[in-house]
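Novice: fold the following, please.
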Amino acid sequence: MYNKKIDVARPALAASKKGVIMKHFFLLLCLILLESNLFSLFTDLMGNDDNIGNPILFYRFHGEIYSPEYEEIMDVENIQKYDISSQTESLFLSDYHVSYIEGYYPVDVSVGIRDFQYLSGFYCYLKSVYTIDGLGNSSFDMDFYAKDENGTINSYDFDNALLYLSFSISNPNLIYVSANNYFFKSNDCGLSWLQLNDQHDLPYRLWNTSPFNDQIVFSSNSDNLYKSTDGAISFSLVNTPSEIEWNNRFIDLADYETNTVNPTKMIFGSNDYIYTVTQGNQETYIALSSDNGDNWSIVYTSTLPLYLNKDVSMPGVLYLSEGSTIYKSENFGNTFEEIYQLSDEISGIYKKPNSDLLYAISYTNGLFEISPSGINTLIEPTSIYEQELTPIQYHLENYPNPFNPSTTIDFSIQNDSTVELTILNIKGQKIKTLAQGEFDSGSHSIIWNGDNENGETVGSGIYFYKLNVNG
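Specialist: Have a look, this model is predicted:
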C-alpha cells in the first residue's frame with residue numbers, strides 16, 4: 001500500500017514524500033510489496049541459560065515487514081530468541097521504524113531497544129521512542145525496563161535522558177545507569193534508584209560491571225576510558241592506547257547503523273585479564289588489560305569486524321571471528337589458531353560452556369551451530385518470517401497537475417496483481433474508488449474527473465490517491 005498525496009487546486013494533485021508536500025509535481029515512487037525473500041541481516045549474537053537451565057540464544061534480525069497496525073512497511077531491528085533445546089525461534093523484543101499518514105499528515109515513529117542483557121531468566125533493557133509529526137514537532141523518550149526473578153516487569157522513566165546501563169552478573173538486582181551526566185544505582189531490579197553523584201562532564205557512557213567485584217564499573221567519555229572502584233560514585237582515568245576511540249561503544253556493521261544486542265563490551269577472564277573489542281582509525285582492535293583494567297594494550301588489529309567470546313568453563317580459552325574465519329586461543333589471547341571457516345562474514349559468536357558447541361551468526365546467511373562433527377544451520381534468512389519483502393519500483397504519477405476538469409493517473413506494476421486505486425480527502429475519508437480488481441503486469445492509466453462516488457464534482461483542495469497492490 002502506498003498513500004500518495006493529491007493537491008487539488010481545481011482539483012490539483014501533488015505528491016508527498018517523507019513528510020514534504022510538493023505541489024504541482026510528478027514523482028517516481030518506490031513501492032514495497034509482500035513478496036518473497038529480500039532484505040535481511042543478522043547481527044549481535046549472545047547466549048545464556050534460562051531459569052531452568054535451557055540454553056537460549058539472542059540476536060538481532062534486520063529486515064522489513066508489513067505492519068497491520070500502521071498499514072505500512074516497517075524497518076525492523078528486532079531481538080529474536082532461539083531456544084536451543086526445542087529448536088524454536090520467536091520474536092522477543094520489537095525494534096522498528098515506520099512512516100505513515102495520519103489524517104493528511106505524515107508521521108515518523110522509531111522505537112529502539114538498546115543495552116539488552118539477559119541472565120537465567122532475568123533481563124533488562126532500554127527502550128527509546130522518537131516521533132516526528134507532520135508539522136515537524138518531535139518528541140524523544142528513553143525508559144528502563146527489567147524483568148526480575150519473579151517474572152515482574154519493572155520500568156522507570158529518567159525524564160527523557162540518554163541512558164546507558166550495566167548490571168551485575170553476580171547480583172542481577174544491582175543495576176547501574178548513566179543518564180546524561182549523572183549516575184544512578186538500583187539494588188532492587190529497577191524499582192527504585194539512588195543518584196550516585198553530582199552532574200559532571202567526564203564519564204557518562206557505561207560499559208561493564210565486573211562479574212568478580214560489582215563495585216568495579218567502567219565507563220567512557222570521548223577518547224578516554226574510566227574505572228570506578230566504589231560502585232560508580234567516582235571514576236579515575238585509566239591508561240589506554242591513543243588509537244582506540246572509546247566513544248565507539250558499539251561495533252556497527254559497516255554502512256548499516258544498528259544498535260547492539262550484545263552487552264559484552266568487555267570480556268572478563270581470570271587472573272585480572274579483561275578484553276574488549278573497539279574501533280579507531282577505521283580499524284577494529286582487541287584491547288587487553290592484565291591488571292584488572294588499569295592499563296590497556298592492543299593485541300590484535302584488523303580492518304574487518306571482530307567478535308570475541310570466551311568459554312566461561314575453561315580459563316584462558318577465547319574464540320575470535322574475523323571476517324568469515326573463527327579462531328581459538330588457549331593462552332589468554334596471546335596466539336590464535338584457525339578452527340572453522342564459514343561461507344559468509346560472521347557478525348557474532350557464542351561458546352556454550354561445558355560443551356564442544358560453538359554458535360555463530362552470519363550477516364546474510366543466518367544462525368549456525370558448530371561442533372566437531374560439522375556445521376548445522378539453525379536459522380535461515382527466510383525462516384524468520386513466512387513472508388519477507390522485495391523492493392520493486394512502481395511508476396506512479398498524475399497529469400496534468402493542477403487540473404481542470406480531469407487528470408490521468410498512471411501506474412505500472414511488475415507482476416499480475418490485485419489493485420485498488422482510491423481518492424481520499426485531507427481527513428483520510430474515501431471520496432471515490434477509481435479502480436478495483438485484477439490487473440496485468442505493465443503500465444495502466446486511470447482518469448479521474450474530479451467527482452465523488454455519486455458523480456458530484458468535488459471542491460478545490462488537497463486530495464490523496466492511494467494505491468493498494470497485492471500480488
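Novice: shaky segments in the stretch 1-150 of the chain?
Specialist: 1-39, 149 (pLDDT under 70).
Novice: and with 80 instead?
Specialist: Applying pLDDT under 80 to the stretch 1-150 of the chain flags the ranges 1-40, 50-53, 64-73, 101-105, 120-121, 134-136, 148-150.
Novice: helices along that one, start to end?
Specialist: For the stretch 1-150 of the chain, helices defined by DSSP state H, counting those that start in this stretch do not occur.
Novice: for residue 282, which non-adjacent residue is spatially closest?
Specialist: residue 303 (7.3 Å; Cβ to Cβ, 6 or more residues apart in numbering). (Each C-beta comes from the backbone N, C-alpha and C, glycine too.)
Novice: gap between that neighbour and residue 167?
Specialist: According to Cβ to Cβ, to the nearest Å, residue 303 and residue 167 sit 33 Å apart.
Novice: so which of the two has more stuff around it?
Specialist: Set side by side, residue 303 and residue 167 show more neighbours around residue 167, with 28 against 10, by other Cβ atoms under 10 Å.
Novice: how many neighbours does the residue nearest to the more buried one when sequence neighbours are not counted have?
Specialist: Nearest non-adjacent residue to residue 167, counting by Cβ to Cβ, 6+ apart: residue 175, 4.5 Å away. For residue 175, the neighbour count with other Cβ under 10 Å is 25.
Novice: list the contacts of residue 431.
Specialist: 422-425, 452-453, 458, 463 (Cβ atoms under 8 Å, 6 or more residues apart in numbering).
Novice: same thing with residue 95?
Specialist: Counting by Cβ under 8 Å, 6+ apart, residue 95 touches 60, 76-79, 111-113, 259.
Novice: separation between residue 313 and residue 223?
Specialist: Remark: distance between residue 313 and residue 223 (Cβ to Cβ) = 36 Å.
Novice: which residues does the residue most central in space within the chain form beta bridges with?
Specialist: Note on the chain: the residue nearest the mean C-alpha position is residue 77, at 3.2 Å, using Cα atoms, centre = their mean. Beta-bridge partners for residue 77, by DSSP bridges, are residue 62.
Novice: need the contacts of residue 95 in JSON lines with distance to residue 239, can you?
Specialist: Below are the contacts of residue 95 laid out as JSON lines (distance: Cβ to Cβ, whole Å):
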{"residue": "60", "distance to residue 239": "33"}
{"residue": "76", "distance to residue 239": "41"}
{"residue": "77", "distance to residue 239": "35"}
{"residue": "78", "distance to residue 239": "39"}
{"residue": "79", "distance to residue 239": "35"}
{"residue": "111", "distance to residue 239": "39"}
{"residue": "112", "distance to residue 239": "34"}
{"residue": "113", "distance to residue 239": "34"}
{"residue": "259", "distance to residue 239": "30"}
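Novice: which of these lies closest to residue 54?
Specialist: Within the contacts of residue 95, proximity to residue 54 (Cβ to Cβ) peaks at residue 79, which comes in at 17.7 Å.
Novice: for the closest one, which non-adjacent residue is closest in space?
Specialist: Nearest residue to residue 79, sequence neighbours excluded (Cβ to Cβ, 6+ apart): residue 93, at 4.2 Å.
Novice: just for the stretch 151-300 of the chain, where's the confidence low?
Specialist: 151-152, 159-161, 198-204, 221-223, 245-265, 269-271, 279-282.
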